[in-house]
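Q: Quick one: sequence plus predicted model below, questions after.
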Amino acid sequence: MIRIMARITARAGSELELRSVLQELRLPSRQEAGCLSYELFHNQDNPLEFVTVEQWRDQAAADAHLTTPHLARAITQASDLLAQPPMIDRFNLVD
């Protein structure tokens, strides 16, 4: 299993619009083959910051997510709303 955490920072004044773009990404991502979970969080201490926490069956499923039309659409819609490029980290569970 692969876990991915993406930290996404909105440009000041665009946080509500970015939130909407990110919310629209949840359902189609959850319906992808290999998606175990896909959650969106909003930082209570920093209203400009969002985090997605994703769990994928394997690396192939996570890579396939990067090629989906819904992700491409979200990236296009979010491009002018971001303060900086998303910080994306991949994790493996340590037993």
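A: Happy to help now that I have it.
Q: Need the mean per-residue confidence for stretch 70-77.
A: The average pLDDT for stretch 70-77 rounds to 96.
Q: Can you list the buried residues in the longest helix along the chain?
A: Ranked by number of residues, the top helix in the chain under DSSP state H is helix 15-30. For helix 15-30, burial by neighbour count (16 or more other C-beta atoms under 10 Å) applies to 15, 18-19, 21-22, 25, 28-29. (Glycine included, C-beta is placed from N, CA and C.)
Q: Which two among these are spaced furthest apart?
A: Based on C-beta to C-beta, the longest span within the buried residues of helix 15-30 runs between 15 and 28 and measures 22.0 Å.
Q: rewinding a little: closest one of the buried residues of helix 15-30 to residue 2?
A: residue 29 (13.8 Å).
Q: Quick check: the closest one vs residue 61, distance?
A: 11 Å (C-beta to C-beta, to the nearest Å).
Q: what's the overlap in contacts for those two?
A: Counting by C-beta atoms under 8 Å, 6 or more residues apart in numbering, the common neighbours of residue 29 and residue 61 are residue 35.
Q: in the chain, which spans are helices?
A: Applying DSSP H to the chain gives helices spanning 15-30, 59-65, 69-78.
Q: how about the ones you listed, which one is nearest residue 1?
A: helix 59-65 (9.5 Å).
Q: can you list contacts of that closest one?
A: 2, 4, 29, 32-35, 54, 56, 71, 90.
Q: Where neighbours are concerned, which of those residues has the most?
A: residue 56 (24 neighbours; other C-beta atoms under 10 Å).
Q: The residue nearest in space to the middle of the chain pairs with what?
A: Note on the chain: the residue nearest the mean C-alpha position is residue 52, at 4.3 Å, using C-alpha atoms, centre = their mean. Residue 52 has the following beta-bridge partners by DSSP bridges: residue 6, residue 40.
Q: In contact with it, which residues?
A: So residue 52 contacts 4-6, 8, 22, 25, 38-41 (C-beta under 8 Å, 6+ apart).
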